[in-house]
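Chemist: 3D model of this:
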Amino acid sequence: MTRDTGGRATRVGDQRATRTALPCIVVDGIFFQYASSGIARVWTALLEEWAKSGFIDYVVFLDRGGDSMPRAAGLRSVPMARHDYARTGAGSLEIEKVCRELGADLFLSTYYTAPTSTPSVFFGYDMIPEMTGADLTQEVWREKRRAILHASAHLMISENSARDLETLYGLQPNSTFVAHCGVWKSFRPAGGMEIASFRSKYGIGETPYILIVGERMGVDGYKNAALVFKAVGRMTDQKRYTVVCVGGSPSIEPLFKAAAPGARIIRLTLDDDELRAAYGGAHAFLYPSRYEGFGMPVLEAMACGAPVVTCRNSSLVEVAGDAALFVGEDDAGGLASAIERLCDLTVRNDYIARGSERAKQFSFSEMARQVGDALLKTHDGLAQGELSRPNGIWQDFREELQLRQEAAWHRRGPLPAIRRLMVASLRRAGLLPAAKRLRSLWHGQTL
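Modeler: Okay, the predicted model is just below:
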């Protein structure tokens with residue numbers, strides 16, 4: 001709930017004309033520069049829902065380009081220089097400059113950027129790098145850490161991810177806002193003709209198939225698709241089920257093939273309509289991940305009528321509820337038994353029905369309301385002095401980082417590269433002594 005200047009209580013979803021002074025919330029569209037699925041879909045859905053509710057009136061979108069830039073009705077956008085992880089110091093200073101020009105009250109990024117003085121809300125999707133042993137010295141994860149530390153408030157897409165964030169960063173327990181994702185509009189039950197066409201097009205035939213979607217390995221194997229192949233390898237007839245892998249590496253990993261040498265494996269790249277059919281026709285959708293920030297494919301599969309088998313960890317229980325069969329992350333025998341159990345039509349239909357009802361509990365309209373609520377509460381908390389604003393150290397830090405990155409660029413940039421090529425050419429020509437006379441051209445830099 002929010003209040004306008006007349007003191008009238010209003011729902012966040014109904015605030016098109018509830019505030020006489022609208023807060024200005026700047027949203028950095030960085031993610032659309034890099035990718036068009038996953039997080040981009042979440043943001044496209046949020047903007048569409050905000051256009052319906054009127055929350056879009058608060059938003060100014062920083063357009064960094066990209067083929068899938070959202071065009072929600074009423075969305076104000078301003079062009080922004082393309083993001084570059086080699087110059088994050090300068091990038092943050094540029095964001096701050098734009099925020100000041102726009103009179104921003106609050107900043108939100110689609111992927112881990114931050115200004116310096118303008119208050120921000122950190123919007124995170126998972127803590128996978130931190131929880132799975134990724135190389136956190138990479139600049140993308142350094143920026144994530146900076147965004148977390150800069151933020152006046154934090155928002156995650158699952159309760160589990162919120163608790164992990166609080167634990168890892170020593171944040172106050174239960175201080176993180178949570179907004180669950182919805183189901184993308186493409187994912188709904190497929191018709192029989194769609195499924196038959198999908199089977200025919202990709203040569204699957206009438207053989208029952210088990211489905212895997214997305215990355216199969218992940219950092220240190222956390223996606224755990226190896227469990228699927230081990231389970232199939234335990235079966236007396238490894239060809240009983242075709243293993244259909246959608247997305248991930250173009251080639252099936254040799255380790256997986258070795259675990260089920262007799263299995264028929266098909267790897268596909270599908271659009272949403274074909275993926276809907278793939279879900280709908282699957283004997284089972286398998287999602288054996290060891291850790292997820294949310295687990296969107298689980299909801300997609302349930303919405304399309306596929307029975308789901310997954311693991312009881314991280315956010316997967318939170319998302320699947322009692323609508324999935326659960327197995328241990330290392331229990332190949334248990335997964336094989338779960339696949340076989342779904343041959344019983346009573347069991348199968350029960351889990352399909354449960355999944356359908358479960359998927360209905362997640363919507364992007366509700367997510368948009370929850371995110372909007374978090375942003376307005378943060379804005380009000382800052383105005384009332386209940387939340388801390390970023391201090392001046394951020395400006396100093398970004399200016400220093402800018403200088404360091406510029407110096408690093410000059411050390412490995414075009415002039416040193418040209419210099420090295422010239423020296424190599426002189427050496428090959430036997431004229432290396434002449435190269436010493438070029439030193440003055442490089443402002444005292446040694447060759």
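Chemist: which helices and strands does the helix or strand that contains A338 pack with?
Modeler: In this assignment (DSSP states H and E), A338 forms part of helix 332-341. Where contact means 3 or more CB pairs under 8 Å, 6 or more residues apart in numbering; DSSP states H and E, helix 332-341 is packed against helix 226-234, strand 284-287, strand 308-311, strand 325-327. (C-beta placed from N, C-alpha, C; glycine too.)
Chemist: which residues touch the last one?
Modeler: The contact list for strand 325-327 (CB atoms under 8 Å, 6 or more residues apart in numbering) reads 227, 288, 307-312, 317, 320, 334-335, 338, 341-342, 351.
Chemist: Just among the residues you listed, which is most surrounded?
Modeler: V308 (32 neighbours; other CB atoms under 10 Å).
Chemist: how much space between that one and P297?
Modeler: Counting by CB to CB, to the nearest Å, the separation of V308 from P297 is 9 Å.
Chemist: so where do the helices sit in the stretch 151-300 of the chain?
Modeler: All helices of the stretch 151-300 of the chain, identified by DSSP state H, counting those that start in this stretch, fall at 159-169, 192-201, 226-234, 254-259, 272-281, 296-304.
Chemist: no no, the stretch 301-447 of the chain
Modeler: Assigned by DSSP H, counting those that start in this stretch, the helices in the stretch 301-447 of the chain fall at 316-320, 332-341, 345-359, 364-383, 393-412, 414-428, 432-435.
Chemist: how about the second one as CSV, C-alpha atoms only?
Modeler: So the one you mean is helix 332-341. Extracted C-alpha coordinates of helix 332-341, given in CSV (Å, rounded to 0.1, in the frame of the first residue of the first chain):
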residue,chain,number,x,y,z
ALA,A,332,20.4,-42.1,-10.3
GLY,A,333,18.3,-45.1,-9.3
GLY,A,334,15.7,-42.9,-7.7
LEU,A,335,15.4,-40.8,-10.9
ALA,A,336,15.1,-44.0,-13.0
SER,A,337,12.3,-45.1,-10.7
ALA,A,338,10.6,-41.8,-10.9
ILE,A,339,10.6,-41.9,-14.7
GLU,A,340,9.2,-45.4,-14.6
ARG,A,341,6.6,-44.4,-12.0
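Chemist: So the spatially closest residue to A151 that is not a sequence neighbour, which state does it fall into?
Modeler: Nearest residue to A151 in three dimensions, chain neighbours excluded: F122, at 3.7 Å (CB to CB, 6 or more residues apart in numbering). Look at F122: counting by DSSP: H, G, I helix; E, B strand; the rest coil, its state is strand.
Chemist: Name whatever forms a beta bridge with F122.
Modeler: Per DSSP bridges, the residues bridged to F122 are H154.
Chemist: which ones are touching it?
Modeler: F122 makes contacts with 112, 147-148, 150-151, 153-155, as judged by CB under 8 Å, 6+ apart.
Chemist: got the residues you listed as JSON lines, with distance to G66 columns?
Modeler: Listed next are those as JSON lines, based on distance: CB to CB, whole Å:
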{"residue": "Y112", "distance to G66": "16"}
{"residue": "A147", "distance to G66": "20"}
{"residue": "I148", "distance to G66": "24"}
{"residue": "H150", "distance to G66": "24"}
{"residue": "A151", "distance to G66": "24"}
{"residue": "A153", "distance to G66": "27"}
{"residue": "H154", "distance to G66": "26"}
{"residue": "L155", "distance to G66": "23"}
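Chemist: Just the buried residues of these.
Modeler: In the contacts of F122, burial by neighbour count holds for 112, 147-148, 150-151, 153-155, counting by 16 or more other CB atoms under 10 Å.
Chemist: Out of those, which two sit at the greatest distance?
Modeler: Greatest spacing in the buried ones among the contacts of F122, by CB to CB: Y112 and A153 (15.1 Å).
Chemist: L345: how many residues sit nearby?
Modeler: 8.
Chemist: Double-check V60 against G103; I have them as touching.
Modeler: No: judged on CB atoms under 8 Å, V60 makes no contact with G103 at a distance of 9.4 Å.
Chemist: Please identify every residue contacting each of these two.
Modeler: The contact lists of V60 and G103 share C24, where a contact means CB under 8 Å, 6+ apart.
Chemist: Of the two, which one has the most company?
Modeler: Taking neighbours as other CB under 10 Å, V60 and G103 compare with V60 leading, 18 against 11.
Chemist: Show residues contacting the helix or strand harbouring that one.
Modeler: Taking DSSP H and E as the definition, V60 sits inside strand 59-63. The contact list for strand 59-63 (CB under 8 Å, 6+ apart) reads 24-30, 47, 50, 69-70, 75-80, 95, 98, 102, 104.
Chemist: Counting only strands, which of those make the cut?
Modeler: 25-28, 76-79 (DSSP state E).
Chemist: one step back: could the helices of the stretch 301-447 of the chain go into a markdown table alongside mean pLDDT and distance to G89?
Modeler: What follows is the helices of the stretch 301-447 of the chain, written out as a markdown table (pLDDT from 0 to 100; distance: least, CB to CB, whole Å):
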| stretch | mean pLDDT | distance to G89 |
| --- | --- | --- |
| helix 316-320 | 97 | 37 |
| helix 332-341 | 97 | 47 |
| helix 345-359 | 98 | 43 |
| helix 364-383 | 98 | 25 |
| helix 393-412 | 91 | 3 |
| helix 414-428 | 51 | 20 |
| helix 432-435 | 46 | 34 |
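Chemist: most tightly surrounded among those?
Modeler: Among these, helix 316-320 has the highest mean neighbour count (mean count of other CB atoms under 10 Å), at a mean of 22.
Chemist: who touches it?
Modeler: With contact meaning CB under 8 Å, 6+ apart, helix 316-320 is reached by 158-160, 180, 287, 289, 292, 294-295, 298-299, 302, 308, 310, 324, 326, 358, 362.
Chemist: please redo it, this time with the cut-off set to 7 Å
Modeler: Residues outside helix 316-320 that contact it (CB atoms under 7 Å, 6 or more residues apart in numbering): 158-160, 289, 292, 294-295, 298-299, 308, 310, 358.
Chemist: Who wins on neighbours among those residues?
Modeler: V308 (32 neighbours).
Chemist: mind listing what that residue touches?
Modeler: When the contact criterion is CB under 7 Å, 6+ apart, the partners of V308 are 285, 287, 298, 301-302, 320, 324, 355.
Chemist: Cool, thanks, signing off.
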